[in-house]
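# Task: produce atomic coordinates for the following.
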Amino acid sequence: MIRRALIATGGTAFGVALLLLAKPHQLADVATTAVPPTGAGGSAGASAGAAGGKRVVEGDMEETRFGPVQVALHLDGRRITSIDVLQEPDQSPRDMEIGSYALPQLDKEAMAAQNAKIDAVSGATYTSDGYIQSLQSALDRAGA
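Numbering: from 1, shown residues only. Below you'll find the predicted structure:
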């Protein structure tokens, strides 16, 4: 019995080590919405000429059981520099409580992974699923 437990523990540790060594996917070069420099008179809808520029890409609004979720990615070249949550479930105090702890965790995971292959937050499954779907649609628009 103890031998099986040791083998299972060792196998799990080996599997986790392999997962940690895996490289995250990178965003492809694609022109999207350019972000004008602060104070510039340009339009936010202007197209970036190269993937090296700063831009914002909005994801689809995803309807969940408790309300819509939508994110926008701030990209510098192919790197996600920040994520804005444009819409989140907020019809009840419980919805807002869930969002207040789940969304920062999802942002942190997505920033670290630089893709949408992130885990849902326990207790916030619907919000997490909507977030991940909106994030993936933004990445698709960016050419990932």
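
# Sketch out the strands for this structure, chain order is fine.
Listed in chain order, the strands found in the chain under DSSP state E are 54-58, 62-64, 67-76, 79-87.

# List the buried residues in the first one.
Okay, so that is strand 54-58. Taking 16 or more other C-beta atoms under 10 Å as the neighbour-count basis, strand 54-58 is seen to contain the buried residues 55-58. Placement of C-beta: from N, CA and C, glycine included.

# how many degrees apart are that strand and strand 79-87 in direction?
Strand 54-58 and strand 79-87 meet at an angle of 40 degrees, taking axes from the mean of the first three to the mean of the last three C-alpha atoms, to 10 degrees as the criterion.

# Same check on the third one?
Here strand 67-76 runs at 160 degrees with respect to strand 79-87, directions being taken by the same axes, to 10 degrees.

# helices or strands up against strand 67-76?
strand 54-58, strand 62-64, strand 79-87, helix 125-142 (3 or more C-beta pairs under 8 Å, 6 or more residues apart in numbering; DSSP states H and E).

# What strands flank that strand, and is each parallel or antiparallel?
Using DSSP bridges, the neighbouring strands of strand 67-76 in the sheet come out as strand 54-58 (antiparallel), strand 62-64 (antiparallel), strand 79-87 (antiparallel).

# avg pLDDT for the first one?
Over the span of strand 54-58, the pLDDT mean works out to 93.

# ok, now stretch 64-82?
Per-residue scores along stretch 64-82 average to 93.

# Quick one: end-to-end distance for that stretch.
Taking C-alpha to C-alpha, to the nearest Å, the span from the opening residue of stretch 64-82 to its closing residue is 23 Å.

# How many residues are close by residue 73?
25 (other C-beta atoms under 10 Å).

# For residue 66, see how far away it is.
For residue 73, the distance to residue 66 under the criterion C-beta to C-beta, to the nearest Å works out to 23 Å.
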